[in-house]
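In: Sequence plus predicted model, see below.
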Amino acid sequence: MIARKLLGAVALGLITTVASAAYPERDITGTIMWGAGGAMDVVSRAVQPHAEAVLGKKIVMVNKPGGTGAISTNFVNNAPADGYNILFGAENPQLHKVLGLAEFDYDKFFPVTIFARSVGVVVVKADAPWKTMTELVEDAKKRPSKIKMAMTGPGGLPHTVASMLGAVTKLNTVSVPFDGEGPAVTAVMGGHADFAPVGVGAATESIKAGRVRALAVVNTEPVDSLPNVPPITKEYPDFGKFLPWGPFYGVFVRKDTPDDIKAALVKAFKTATDNPQFKQLMADRGNIMMNISGAEAEAFMTKWQSVTSWLLHDVGAAKISPEKFGIPKP
Amino acid sequence: MISEKEMHKPRLPGELGFCLALLLFSLTAFYLSYRISGFSSWSSAGSLPLGASLVMCVSSLVIIFRELKKPVPELKLGKTLGQSFFEKVFPARHMIFIFVLIAYMFLLEPLGFITASFLYLVAASLVLGERRYVHMIVSNVVSLAVVYLVFQTAFSVVLPEGILERMFR
Amino acid sequence: MSDVMMNLSYFGMSFLDPYLMFLTAAGVFFGIYVGAIPGLSVTMAVSILISFTFKWGVNEALALIAGIYYGGVYGGSRSAILINVPGAPAAIASALDGYPLAKMGEAGQAIGLTTIMGVVGGLIGVVCLAVGAPMLSDLALMFAPRDYMMLAIWGLLLVGSLSGGMMAKGVFAGALGILFGMVGLDPLTAEPRFTFGSVHLTAGAPYVAAMIGLFGVSEVLVQLHELHFATVKQNVSKLFPSWSLIRKHLPLASRCSVLGVVVGALPGAGGDIAALMAYDHAKRTVKNPERPFGEGAWEGVVAPEAAAVGSVGGCYIPMLTLGIPGDAVTAVIIGALYIHGLKPGPMMLLETPHLFWFTVGNLALACIWLAVFGFMGIKLFAKIVEIPKSALLPMIVVLSAVGSYAIENNPVHIYWMLGFGVVGYFLKMYGYQVGPVILGIILGPLLDSNYRRAMISVSNDPAEFVAEFFTSPVSLVLLALLSLTILSQTRYWGRLIGCFRRNGAGTAS
């Protein structure tokens, strides 16, 4: 058994030296930016089998959470640019510069695919008095610092949507940070907060069950999973300049990876992302499918970075001004 | 484990020094906690660290006060406090054991899991006075193989790779 | 009537289908090893299973996961008892009395007793899930940040019973633990705390590495003083504890498993906190244990084990009824449910009505397998303690290192482990207990974020902060319980100080 493996290893070594035509010739390591059980983990492991089927080799998945993504981006960036180390990452590194977490962001990486982006929705408790966004905002202006908004830490969807809301409507609320979008919805359900801007995925089922009520989706048009909820631009057209916006999930390799390997990966993940089972999963979790790569993906990520960085800067959550990194204003 | 009563009777060599070190650490922690966000608000990021380090400062003062009431460490004839500290609390064997462990940590990534762990096991067993060499090597190899198989194969934990691991893949 | 029949048939599904039966059994078997090996966690195992089982039916996947969950939560106490390295955070409290038992040669019977009590706890948890799920999930929703804060304080009071000789040392260790728990980016504002500009510190002190270091590595270092002692022969002639021993501890186990269910049902508090609170409960209510707590009291292994395994049933409650995870493992299970095309949330039980009773039946089956596999291999396990120390201690270190590394595939965690090990060693040598430190690391973040959340909710107005405690029944009940506990502790404390003074005076003269 060992002898055979040894022989295999030697043979493999020979092949590697002779030709590198057929990528991939060995297993690929997939580094997941967040820990087991997070949304990134679930999405990565759901797409993994479909991508393996196209590539014909295994992808060994490894969770490397920490530093809101800085640990994993560092790790993949320091590994050889040979396509055998790929990063399953979320939007977080795009804010590393302004939050002072790392020197680089996705500018060192090539987006193999961006699977999907998530959309924000503003929810209130089922028996809350506000029926529309305007009612909520007007009430909040009438009673400053009395209405409690559940949100999460800087850079997350709730925080960013809250910043947009503040920028557009100038409402005055108490923001109570929770551990994530799920806990924020739970807090609204339990009456410990009055409203929460969260991802559609975190709230859809509770909305359908009538536990919480949706006032608006943070998009320019209604989303498929919540067809009856009006887009926020209907009441507040000024939101339009920030949209489309939403946290995203994607696969990345180092920018200096050979082009043929990039192409092979793009092809594999394009097919995998198109898998109906995977698309269903993403839709169930309230995501809008994107499946874009290369220049198209880079354009989306650049706009995302500019909108979010400046919002963070304007509410004072950014450590360093986006101007310093040449991030243009939206 | 050394039982409570044994540990408590007279002061151990170095115990007072340890308490003073803890007090110093607590004061530093208090200062660092203050630096997080000062006394800016009831709910600032620094509020609990301030509280915790304050409790540490107070309790370490209480401990020092109590320790001073205890009898001084019993020293063997002709030994200084330092000598008996290294004899009773932190003997050479401990230092070597920790040193070998540190070496293991730093060699883990360059050498790979199997090689580094094997070298560590052999070194550590020797430090602990194991002299049945063949027995030691065989049992180390077997137990390492089990650990490697369980982690790498059954639970796909990618352990640090060296030459040996690459051969098995 | 037909409803009852339907539910009964869902309940029986995994009992009647040999394949489901086998998967549950396999899950429990592997789960025990996942649990017993530090660094391998149930969360990790279930997460790996996601891409492994995506082509299976949802029932098959759930059966396997339920098995691993129960096995893993139970298995954690094995290594805690045998080598003082808790295999999982829920087993920390099991080490406090379990390891002293192993040192007396009673490892076999200790494991036997934890098995029985784990199964009892697990079954009680399943019954609570079956009977009270909707009620308990509504109760869980009523917990406001201030209530979580009180829960954390309540847990921290355990310092009083963990501090060993000198109360001040316990308090110091607890505060030290809280401070360690604060390292990293503040989860509320992302402000760095004690990170000294290092990216590696932003994630905070990894508490599993801390646990392995404080318990395992520091104990190895202490043991270096005792190399010349012969290893303890383990008594493995009688693994199944006597009926009288079981009956004696059954009431305690029942109380602790209900406690486990309630704590498990709270999102954000899981088996580890349940087990620690159960240990505290045991210590407060059992007045005359055969042996003192901390020196091998049976109650000290019964209570945490029943609560930890019981909490599993509790963790499923918010997951099934509301789609909210009760702990890290149920968070992964929710992800798995999505992959299998289900939509976890308040609608799930209406859309897939079989799921509830199928899960209840399956969890009950897992508990039964636990009773079977729990008694297998104890003799072999117990022999581990009889391995000569010169071979055993280095091996424990290697296992601890791999375990620390495996949590996040990060070598930095090994440095943490060693750091905590050395600190733990000196603390132990000078009469500080490491229990309060780990207690602080686990409960500190819970206290921190919920205290601040509660304070932010009232716009930093201390008067209103206090007033809020009298606005909800949950807060009132918790406040009353907490005050009672503190009062009883002060009396206890006074007695303890009196005791200490007398002792101190005795030695001085």
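Out: Yes, it's here.
In: Where do the helices of chain B begin and end?
Out: Here chain B has its helices, by DSSP state H, at B:4-8, B:15-37, B:47-69, B:81-88, B:92-111, B:113-127, B:133-148, B:163-168.
In: what's the most buried one of the ones you listed?
Out: Among the helices of chain B, the stretch with the highest mean neighbour count (mean count of other CB atoms under 10 Å in any protein chain shown) is helix B:113-127, at a mean of 21. The way it works is simple: take the backbone N, C-alpha and C, and place the C-beta from them, glycine included.
In: quick one: is that one near chain C?
Out: Yes - for helix B:113-127 and chain C, the contact criterion (CB under 8 Å from any CB of the partner chain) is met by B:113, B:117, B:120-121, B:124-125.
In: all strands of the chain, in order?
Out: I went with chain A, as the question did not name one. Under the criterion DSSP state E, chain A contains strands at A:28-32, A:59-63, A:85-90, A:109-118, A:120-125, A:148-151, A:174-177, A:195-199, A:212-218, A:248-254, A:287-292.
In: oops, chain C please
Out: Taking DSSP E as the test, the strands found in chain C are C:184-185, C:192-193.
In: hmm, the first one in reach of chain A?
Out: Okay, so that is strand C:184-185. Yes - Strand C:184-185 reaches chain A (CB under 8 Å from any CB) through C:Leu185.
In: Equivalent analysis for the last one, please.
Out: No - Strand C:192-193 lies apart from chain A when judged by CB under 8 Å from any CB; the minimum separation is 8.6 Å.
In: which residues are contacting that strand?
Out: Under the criterion CB atoms under 8 Å, 6 or more residues apart in numbering or on different chains, residues B:36, B:45-46, B:49, C:182-186, C:201-202 lie in contact with strand C:192-193.
In: Could you dump the strands of chain C into TSV with mean neighbour count added?
Out: Listed next are these as TSV, based on neighbours: other CB atoms under 10 Å in any protein chain shown:
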stretch	mean neighbour count
strand C:184-185	22
strand C:192-193	22
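In: Rebuild these as a markdown table, extending it with mean pLDDT.
Out: Supplementary listing: those in a markdown table, determined by pLDDT from 0 to 100:
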| stretch | mean pLDDT |
| --- | --- |
| strand C:184-185 | 82 |
| strand C:192-193 | 85 |
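In: Just want the most central residue of the chain.
Out: Using chain A here. Among the residues of chain A, A:Phe248 comes closest to the average C-alpha position under CA atoms, centre = their mean, at 2.8 Å.
In: ah, I was thinking of chain B
Out: The residue lying closest to the centre of chain B (CA atoms, centre = their mean) is B:Ile98, at 7.8 Å.
In: Residue of chain C nearest chain A, please.
Out: C:Gly345 (2.2 Å; CB to the nearest CB).
In: who touches that residue in this structure?
Out: A:204-206, A:208-209, C:322-323.
In: Can you give the domain ranges for chain B?
Out: In terms of domains, chain B is parsed into B:4-78, B:92-168 (source: automatic domain parsing).
In: for residue 94, what are its contacts?
Out: Picked chain A for this. Residues near A:Gln94 by CB under 8 Å, 6+ apart: A:105-106, A:301, A:304-305, A:308-309.
In: looking at chain C here, not the other one
Out: Residues near C:Ser94 by CB under 8 Å, 6+ apart: C:76-77, C:80-81, C:86, C:114, C:275, C:301, C:304-305, C:308.
In: Nearest residue to it in space, please, no chain neighbours.
Out: C:Ser77 (3.8 Å; CB to CB, 6 or more residues apart in numbering or on different chains).
In: can you count the residues close to the one you found?
Out: 33 (other CB atoms under 10 Å in any protein chain shown).
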